[in-house]
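Colleague: Task: produce atomic coordinates for the following.
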Amino acid sequence: MDGLAAVQTRISQIHARFLPPAPAATRSSWASAASAAGLTGSTTATATGTATATATAATGSAATGTGAEVVGAATKYLGVPYKWGGTDASGLDCSGLTQRVYADLGVDLPRTAAQQATAGRPVASLAEARPGDLVFFDNSSSRSGIDHVGIYVGGGKMIAAPQEGEVVKVQDVGSPTLIRRVLPDGTGAATTAATGGGSLGGVPYADLFTQAGAKYGVSPALLAAMAKTESGFDSSAVSPAGATGLMQFMPATAKSLGVDPTDPASSVDGAARYLSSLTSQFGSTELALAAYNAGPGAVQRAGGVPANGETPSYVRKVTSAAEAWS
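Modeller: Predicted coordinates for the structure are as follows:
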């Protein structure tokens with residue numbers, strides 16, 4: 001027996017010893033779902049190092065919440081390092097991430113990617129996928145079966161824990177082998193009060209902040225805090241200096257980014273894209289916020305946050321508001 005096979009066998013033994021058997025009705029339901037997914041009888045190691053056991057429960061609790069809440073919860077783990085077998089913020093593998101995100105919303109998913117691939121119900125194609133859906137992949141040419149999973153965020157993107165040496169990140173979804181929806185129909189695009197990562201419950205434009213944050217790897221809470229500080233969530237606001245809209249873009253900046261500052265969706269998307277670029281340029285959220293307020297040139301000239309009174313106050317207000325929603 002080679003090392004990998006020994007690990008798989010040991011994990012199966014541990015599962016058998018400590019995990020209680022699923023009720024007969026659940027086993028039957030799981031078997032039917034697994035058969036439909038082409039997974040019955042599979043006991044293979046996933047590409048991320050987790051083992052796939054057979055005939056375990058699909059979900060242990062009823063799924064509630066919205067797709068925006070799922071995406072919002074997932075963004076909390078952006079940047080967490082990949083860790084084989086990891087299930088918390090110190091390190092996550094692909095199925096550990098999806099299990100953790102749904103657990104944050106009170107939904108019990110199975111542990112492994114192949115088990116999760118029987119949860120919920122199938123989605124016919126990527127064109128019909130909604131934020132919060134689970135996207136599954138068979139990436140191994142040497143063995144059949146699901147070996148990777150991510151959380152769809154919309155726009156052809158997903159949040160996933162890719163592999164050893166990488167971190168949880170937003171990446172292209174590519175061509176999933178199958179897609180499953182754990183959330184009830186009618187909730188995928190809803191934008192009602194959030195839980196966990198969706199602590200933006202009741203915040204205006206929460207869905208826009210969540211979607212843009214996931215798309216560009218920016219905290220939705222930070223985007224919401226910027227909108228609160230910039231315009232008080234007023235999409236028609238115009239400053240004395242001529243900045244316009246929800247995220248208060250100056251005309252030249254809006255033009256350079258291709259943003260319509262009067263359109264909340266375009267404004268939030270542009271702000272998230274711009275803030276992501278500034279964060280990469282300056283290496284910290286604090287300096288990125290300062291550059292958003294005073295301009296990149298001012299930050300470069302000051303060698304940090306410009307000591308002009310307004311910008312330090314702006315950075316403090318935004319970070320304080322963001323912490324309250326994180």
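Colleague: ok, how many other residues are close to residue 222?
Modeller: 25 (other C-beta atoms under 10 Å). Just so you know, the C-beta spots here come from the backbone N, C-alpha and C atoms, and that holds for glycine as well.
Colleague: I figured it hits residue 279, correct?
Modeller: No - counting by C-beta atoms under 8 Å, residue 222 stays clear of residue 279, with 9.8 Å between them.
Colleague: Quick check: neighbours shared by the two?
Modeller: residue 285 (C-beta atoms under 8 Å, 6 or more residues apart in numbering).
Colleague: mind checking how far residue 311 is from residue 276?
Modeller: For residue 311, the distance to residue 276 equals 20 Å [C-beta to C-beta, to the nearest Å].
Colleague: got the residue ranges for the helices in this protein?
Modeller: 3-18, 24-36, 67-75, 94-104, 113-116, 206-216, 220-231, 251-257, 264-282, 285-294, 296-302, 310-325 (DSSP state H).
Colleague: tell me, which of those helices is the model least confident about?
Modeller: Lowest mean pLDDT within the helices of the chain: helix 24-36, a mean of 40.
Colleague: ok, back up a step: give the residue from residue 311 and residue 276 that has the larger number of neighbours.
Modeller: Each of residue 311 and residue 276 has its neighbours counted (other C-beta under 10 Å); residue 311 has more, 21 against 18.
Colleague: Check the contact between residue 110 and residue 116; I expect there is one.
Modeller: Yes - contact criterion C-beta under 8 Å: residue 110 and residue 116 qualify, at 5.4 Å.
Colleague: So these two - more neighbours on which side?
Modeller: residue 116 (25 against 22).
Colleague: show me what contacts the more buried one?
Modeller: Here residue 116 is in contact with 95, 98, 99, 109, 110, 134, 136, 149, 180 (C-beta under 8 Å, 6+ apart).
Colleague: Next one: the second one from residue 183, what distance?
Modeller: From residue 98 across to residue 183, the span is 13 Å (C-beta to C-beta).
Colleague: These two: which is more packed in?
Modeller: residue 98 (29 against 24).
Colleague: which residues do residue 110 and residue 116 both contact?
Modeller: residue 99.
Colleague: What separation is there between the spatially most central residue of the chain and residue 132?
Modeller: Centroid-nearest residue in the chain: residue 74, 3.2 Å away (criterion: C-alpha atoms, centre = their mean). Using C-beta to C-beta, we find residue 74 at a distance of 9 Å from residue 132.
Colleague: Identify the contacts common to these two.
Modeller: Counting by C-beta under 8 Å, 6+ apart, the residues touching both residue 74 and residue 132 are residue 151.
Colleague: before we move on, back to that, touching, the residue nearest to the centre of the chain and residue 159? I think so.
Modeller: Yes - using C-beta under 8 Å, residue 74 is in contact with residue 159, at 4.4 Å.
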